[in-house]
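Peer 1: Sequence first, then the predicted structure, then my questions.
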2 protein chains.
Amino acid sequence: MSQTATILVIDDEPQIRKFLRISLASQGYKVIEAGSGSEGLAQAALGKPDLLVLDLGLPDMDGQQVLREFREWSTVPVLVLSVRASEGQKVEALDGGANDYVTKPFGIQEFLARVRALLRQAPAGDAQEAALNFGPLTVDLAYRRVLLDGAEVALTRKEYAVLAQLARHPGRVITQQQLLKDIWGPTHTEDSHYLRIVVGHLRQKLADDPTQPRFIVTEAGVGYRLLNA
Amino acid sequence: MSQTATILVIDDEPQIRKFLRISLASQGYKVIEAGSGSEGLAQAALGKPDLLVLDLGLPDMDGQQVLREFREWSTVPVLVLSVRASEGQKVEALDGGANDYVTKPFGIQEFLARVRALLRQAPAGDAQEAALNFGPLTVDLAYRRVLLDGAEVALTRKEYAVLAQLARHPGRVITQQQLLKDIWGPTHTEDSHYLRIVVGHLRQKLADDPTQPRFIVTEAGVGYRLLNA
DNA sequence: GTTGGTTTTTAATGGATTTTGATGAGACAC
DNA sequence: GTGTCTCATCAAAATCCATTAAAAACCAAC
């Protein structure tokens, strides 16, 4: 389905942050944190989270204000936490763009279930998982498809795995060990021969010449790199 | 911007239904009602609501069961109501596909705010077609029916489950593990053979040739995908 | 209980992919 | 120049995968 979701927690109380961090991390989420509203907004722009957990009681600025500014540019789901349980508060937050409102103290199981519910409707990586383009070559990770000049290229499992791995880090060199470990497993990190053959097939199918590469560049003794157009 | 949303209320207590009907209608929503689970599911298929408000305490069938059957074919947001506030109940409902969970008694302002929040993320008139088309093939999730050239195709449970799963993500590769986990359960993720046989039967009934597929494409060693016409 | 239909096993086949082995070309150091 | 290292390519063998058929076990409805 999706890779691990990133969750940004904005809360000024360190012990609550720690509690949430541990709980969320134990479920496999990647957690980033902020202790104030301004820091939180900065992190939100930087870390591209898939979900925002926001405590309304912040020292530097009003939580509602943080929510409002966040919603200026993001549609990522927001779960608001608060000790204040007044109905007016809840209505204000929900109408201000929050997707859920949980009052402290809360059960961690319910909290995690609400996190799952919010992430379900907006799957992780939805933002970044657009198709990647490398000139005439398109690698669509969501659909597991590869197009060359608009025509679909039929790739085998290993071929696709190598290309996808390279495509995930455009322009970066991926070491042979990395590729071998991720695709063949940690027991085959020495078999760089496999890699050469698969890359050979890939280049053939993509009409790529190793001496004059359009797509896959070999970095001798190190690994391979996918050129970003 | 948005036209009036339609909200389906499933609750067996007439006075609560009346209360919700009046409150929701005063906000301009169109309200349809059902007093039992089976009636609710029928109304859900018929009335194409934009939001479902579901009370878990129903006389004829378990609320969780209603939720589960509804989620078989619809992604419309669901707000669950319940007097029982046990955390386990909430987790079960949220993981069963509910988007929010409100315990009675509740403040009507907060309830309406949560309704607004749910409708915001899935705007009214988004009235998603429950029937999906793939050229001559139609998969109607709401009625659990499959039509080929307008004629109904009789499918077994597993066959339908596999086809429906593929149809929910048109063009996308669904991995064998995914299909096996969702349909046979997490203990059978290794039995990819089952899958091949069911897909074989499906192709036979849909007059689909694996070497020249109209509908189901096999991605060797990975999974299957349903071609979107 | 019997019956009809469904799901699960079992088995056989052909095809495709992956692995293995062998060979040659280029780069670089000595 | 020679030897060594890495890379690329070709061809075969071995393995894995998909498809099909058919029998056995299972279930639900009657």
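Peer 2: Thanks, I have it. Remember, it's a predicted structure, so these values are computed and weren't measured experimentally. Numbers count the residues shown, from 1 in each chain, chains lettered A, B, ... in the order given.
Peer 1: what does chain A have sitting close to DNA strand C?
Peer 2: A:Ala154, A:Thr156, A:Arg157, A:Lys158, A:Glu159, A:Trp184, A:Asp191, A:His193, A:Tyr194, A:Ile197, A:Val198 (Cβ under 7 Å from any atom of the strand). C-beta here means a position set from N, CA and C on the backbone, and glycine is covered the same way.
Peer 1: Give me the buried subset of these.
Peer 2: With burial judged by 16 or more other Cβ atoms under 10 Å in any protein chain shown, the buried subset of those is A:Thr156, A:Lys158, A:Glu159, A:Trp184, A:Tyr194, A:Val198.
Peer 1: quick one: which of these sit in helices?
Peer 2: A:Lys158, A:Glu159, A:Tyr194, A:Val198 (DSSP state H).
Peer 1: mind showing which ranges of chain A have poor pLDDT?
Peer 2: A:1-3, A:84, A:122-130 (pLDDT under 70).
Peer 1: what does it have sitting close to chain B?
Peer 2: A:1, A:77, A:87-88, A:90-91, A:94-95, A:98-101, A:107, A:109-110, A:112-114, A:116-117, A:121, A:142-144, A:156-157 (Cβ under 8 Å from any Cβ of the partner chain).
Peer 1: at 6 Å instead, please
Peer 2: Counting by Cβ under 6 Å from any Cβ of the partner chain, chain A comes close to chain B at A:87, A:90-91, A:94-95, A:99, A:107, A:109-110, A:113, A:117, A:143-144, A:157.
Peer 1: Now compare those residues and name the two farthest from each other.
Peer 2: A:Glu87 and A:Arg157 (54.9 Å; Cβ to Cβ).
Peer 1: coming back round to it: okay if I get the buried ones among the residues of chain A next to DNA strand C as TSV plus distance to DNA strand D?
Peer 2: Converted to TSV, these look like this (distance: Cβ to the nearest atom of the strand, whole Å):
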residue	distance to DNA strand D
A:Thr156	10
A:Lys158	11
A:Glu159	13
A:Trp184	12
A:Tyr194	10
A:Val198	9
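Peer 1: So which of those residues is the closest to A:Arg17?
Peer 2: For those, the nearest to A:Arg17 is A:Trp184 (39.7 Å; Cβ to Cβ).
Peer 1: Give me the distance between the closest one and B:Leu67.
Peer 2: As for A:Trp184, its distance to B:Leu67 is 43 Å (criterion: Cβ to Cβ, to the nearest Å).
Peer 1: cool, A:Leu56 as well?
Peer 2: 30 Å.
Peer 1: can you map out the strands along chain A?
Peer 2: With DSSP state E as the criterion, chain A has strands at A:6-10, A:30-34, A:51-55, A:78-82, A:100-103, A:132-134, A:137-140, A:145-148, A:151-152, A:173-175, A:216-219, A:223-226.
Peer 1: Of all these, which one comes closest to DNA strand D?
Peer 2: strand A:216-219 (3.6 Å; Cβ to the nearest atom of the strand).
Peer 1: Is DNA strand D within reach of the closest one?
Peer 2: Yes - contact of strand A:216-219 with DNA strand D (Cβ under 7 Å from any atom of the strand) involves A:Thr218, A:Glu219.
Peer 1: Mind giving me the packing neighbours of that strand?
Peer 2: Of the remaining helices and strands, those touching strand A:216-219 by 3 or more Cβ pairs under 6 Å, 6 or more residues apart in numbering or on different chains; DSSP states H and E are strand A:223-226.
Peer 1: ok, 8 Å please
Peer 2: Of the remaining helices and strands, those touching strand A:216-219 by 3 or more Cβ pairs under 8 Å, 6 or more residues apart in numbering or on different chains; DSSP states H and E are helix A:192-205, strand A:223-226.
Peer 1: Mind listing residues that contact the first one?
Peer 2: So that's helix A:192-205. A:148, A:153-156, A:158-159, A:162-163, A:176, A:179-180, A:184, A:188, A:208-210, A:213, A:215-216, A:218, A:224 (Cβ atoms under 8 Å, 6 or more residues apart in numbering or on different chains).
Peer 1: for the last one, same thing?
Peer 2: With contact meaning Cβ under 8 Å, 6+ apart, strand A:223-226 is reached by A:134, A:162-163, A:166-167, A:169-179, A:195, A:199, A:215-219.
Peer 1: So which of the helices and strands packed on strand A:216-219 is the most surrounded?
Peer 2: Of the helices and strands packed on strand A:216-219, the one with the most neighbours on average (mean count of other Cβ atoms under 10 Å in any protein chain shown) is strand A:223-226, at a mean of 22.
Peer 1: What strands line up against that strand, and which way round?
Peer 2: Applying DSSP bridges, strand A:223-226 is found paired with strand A:173-175 (antiparallel), strand A:216-219 (antiparallel).
Peer 1: in the last one, what counts as buried?
Peer 2: Under the neighbour-count criterion of 16+ other Cβ under 10 Å, strand A:216-219 has A:Ile216, A:Val217, A:Thr218 buried.
Peer 1: Out of these, which comes closest to A:Ala45?
Peer 2: Distances from A:Ala45 to the buried residues of strand A:216-219, taken by Cβ to Cβ, are shortest for A:Val217, at 32.5 Å.
Peer 1: May I ask you to confirm that the closest one is in contact with A:Leu227?
Peer 2: Yes - using Cβ atoms under 8 Å, A:Val217 is in contact with A:Leu227, at 6.0 Å.
Peer 1: which two from the residues of chain A next to DNA strand C end up farthest apart in space?
Peer 2: A:Ala154 and A:Asp191 (24.5 Å).
Peer 1: separation between the residue nearest to A:Val80 when sequence neighbours are not counted and DNA strand D?
Peer 2: Among residues not flanking A:Val80 along the chain, A:Ala98 sits closest, at 4.4 Å (Cβ to Cβ, 6 or more residues apart in numbering or on different chains). From A:Ala98 over to DNA strand D the distance is 44 Å, taken as Cβ to the nearest atom of the strand, to the nearest Å.
Peer 1: residue contacts, A:Ala98?
Peer 2: By Cβ under 8 Å, 6+ apart, the contact set of A:Ala98 is A:Leu54, A:Leu67, A:Val78, A:Leu79, A:Val80, B:Ala117.
Peer 1: For the closest residue to the last one other than its chain neighbours, grab the count of nearby residues.
Peer 2: If I follow you right, that is B:Ala117. Distances taken as Cβ to Cβ, 6+ apart place A:Leu94 nearest to B:Ala117, at 4.6 Å, with adjacent residues excluded. Residues lying near A:Leu94 (other Cβ atoms under 10 Å in any protein chain shown) number 25.
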